[in-house]
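Engineer: From the sequence below, what's the structure:
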Amino acid sequence: MKNIKGKIGKNCQIGTGAIIDESVIIGDNCIIEPYAVITGYTEIGDNNHIFSHAVVGSIPQDLKYHGEKTKLIIGNNNKIREFTLINPGTVGGGGITKIGDNNLLMGYVHIAHDVIIGNNCILANAATLAGHVELENNVVVGGMTPIHQFVKVGEFAMVAGASALSQDVPPYCLAEGNRAKLRGLNITGLRRKFENRDDINEVKRAYKELFESGKPLKEVAGELLNSKNRYVKHLAEFVLNSKRGIPYDRKV
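Structural biologist: Numbering: from 1, shown residues only. Got it, this is the predicted structure:
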């Protein structure tokens, strides 16, 4: 038996026992497995696969939420595995939780209110994103890893499994530990994604200047803003704009 009240696109497959509430909008060619629940003001794009017992769009786990009309927006080609929980936004956080395209959320992942996730991200089993967390594109978060509220993780960064992250991880970096600290660059990820090896070398040089030279971090980042390399410039901008700080071992 199905309980389907929302607007469903073309060629969708809805499993037995799935619940789709009336305010939900689902695009074309989606697969909703048995006993998945999709509720709230949730908008889902095309070619998404939502697995059994996932709960998508239930009210935020925030005591300040009092039934306001807030949204969850999910893009295209995402895989949301079993028992994943995704909450919409809150008024205080802008009112929207947003997930981009081509992401894999493995089993028991939690995406809290007002989280922003880019494209091509992988969150392994039981990764937990607290409210207002932001992931740029191509981020990997290992299993059993909680991320503190308001933390931002830059593009092509990787957070190792069983870590606990409470500060911002710059683009292209690898973080690990409890509490997580920078452990170097995500070289494997960069080699897979960057076509120009010169870009990797430029990022390597920038990383050493920022985190291994012993110079003031903001000062170095300000100098790197003048780089002609777009990846280095993005790295510098991220550091300068960080609100929670960067978790690295400062050289004396």
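
Engineer: What's the end-to-end length of stretch 35-48?
Structural biologist: Taking CA to CA, to the nearest Å, the first and last residues of stretch 35-48 lie 16 Å apart.

Engineer: can you check stretch 140-152 too?
Structural biologist: 13 Å.

Engineer: can you give me the helices in the stretch 51-200 of the chain?
Structural biologist: Taking DSSP state H, counting those that start in this stretch as the criterion, the stretch 51-200 of the chain carries its helices at 187-193, 197-211.

Engineer: by contact count, what packs against the shortest one?
Structural biologist: If I follow you right, that is helix 187-193. helix 197-211 (3 or more CB pairs under 8 Å, 6 or more residues apart in numbering; DSSP states H and E). Where C-beta positions appear, they are placed from N, C-alpha and C, glycine not excepted.

Engineer: From the chain's centroid, how far away is the helix it packs on?
Structural biologist: 24 Å (CA atoms, centre = their mean, to the nearest Å).

Engineer: which strands and helices sit next to it?
Structural biologist: strand 180-185, helix 187-193, helix 217-224, helix 230-241.

Engineer: Out of the helices of the stretch 51-200 of the chain, flag the one nearest Arg230.
Structural biologist: Minimum separation from Arg230 across the helices of the stretch 51-200 of the chain (CB to CB) falls at helix 197-211, 8.4 Å.

Engineer: buried ones in the closest one?
Structural biologist: Asp199, Ile200, Glu202, Val203, Lys204, Ala206, Tyr207, Glu209, Leu210, Phe211 (16 or more other CB atoms under 10 Å).

Engineer: Next: stretch 59-73.
Structural biologist: Those would be Ile59, Pro60, Asp62, Tyr65, Thr70, Lys71, Leu72, Ile73, for stretch 59-73 by 16+ other CB under 10 Å.

Engineer: I'm done for today, thanks for sticking with me.
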